[in-house]
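Chemist: Provided below for reference: sequence and predicted model.
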Amino acid sequence: MTTEVTIALPNDVYHRAEWLAKRTGRTVADVVAQAADLSLRPFGPSAEPDPPPSEWSDETVLAAANAMMPEAEDRRFSELLQRQQEGPLSAAEESELRVVLERYQIGMLRKAQALREAVERGLLDPERL
């Protein structure tokens with residue numbers, strides 16, 4: 001099953017996709033669809049979105065409020081950021097950094113939502129945060 005989507009790409013992104021499409025005998029749409037698939041795959045299979053924090057159990061709220069990035073992933077994130085400061089990353093490292101950064105951002109959003117919910121429920125004291 002597929003869903004048709006219309007998007008506006010920056011010219012440089014379009015030209016890179018067009019270049020790759022010509023060299024691989026595919027359409028630009030196929031190249032962009034594959035790039036989107038590869039970029040989103042690390043987030044796991046598509047599923048129903050999480051219920052809002054107001055529907056989480058107290059245990060889930062507290063677990064999310066106290067969540068931390070796994071140590072190995074945090075170390076790798078730091079390494080990639082350090083390498084980025086030192087100079088250009090390889091294409092693979094750049095892609096990996098984008099994936100880790102996205103996971104980090106999603107985790108921070110979930111943590112912030114959980115902290116707010118925990119304070120609203122009286123599970124955490126806002127003065128101690």
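Modeler: Sure, I can see it. Numbering: from 1, shown residues only.

Chemist: pLDDT below threshold where in the protein?
Modeler: 42-48 (pLDDT under 70).

Chemist: can you give me the helices in it?
Modeler: Using DSSP state H, the helices of the chain run over residues 11-24, 28-40, 58-65, 71-86, 91-121.

Chemist: Run through the neighbouring helices and strands of the first one.
Modeler: In this case it means helix 11-24. Helices and strands touching helix 11-24, by 3 or more C-beta pairs under 8 Å, 6 or more residues apart in numbering; DSSP states H and E, are helix 28-40. Using the backbone N, CA and C atoms, a C-beta is placed for each residue, glycine as well.

Chemist: now the helices of the chain as a markdown table including mean neighbour count and distance to Pro51?
Modeler: Output for those, formatted as a markdown table (neighbours: other C-beta atoms under 10 Å; distance: least, C-beta to C-beta, whole Å):
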| stretch | mean neighbour count | distance to Pro51 |
| --- | --- | --- |
| helix 11-24 | 13 | 34 |
| helix 28-40 | 14 | 21 |
| helix 58-65 | 16 | 9 |
| helix 71-86 | 12 | 25 |
| helix 91-121 | 15 | 11 |
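
Chemist: Figure out which of these is closest to Glu4.
Modeler: The minimum distance between Glu4 and these falls on helix 28-40, with 9.4 Å, by C-beta to C-beta.

Chemist: Report all helices and strands that the closest one contacts.
Modeler: helix 11-24, helix 91-121.

Chemist: same thing but 7 Å
Modeler: helix 11-24 (3 or more C-beta pairs under 7 Å, 6 or more residues apart in numbering; DSSP states H and E).

Chemist: which residues sit against the helix it packs on?
Modeler: Thr27, Val28, Val31, Val32 (C-beta atoms under 7 Å, 6 or more residues apart in numbering).

Chemist: Repeat the analysis, applying 8 Å as the threshold.
Modeler: Outside helix 11-24, the residues that touch it by C-beta atoms under 8 Å, 6 or more residues apart in numbering are Leu9, Arg26, Thr27, Val28, Asp30, Val31, Val32, Ala35.

Chemist: Also stretch 86-94?
Modeler: Contact with stretch 86-94 is made by Leu80, Arg83, Leu97, as judged by C-beta under 8 Å, 6+ apart.
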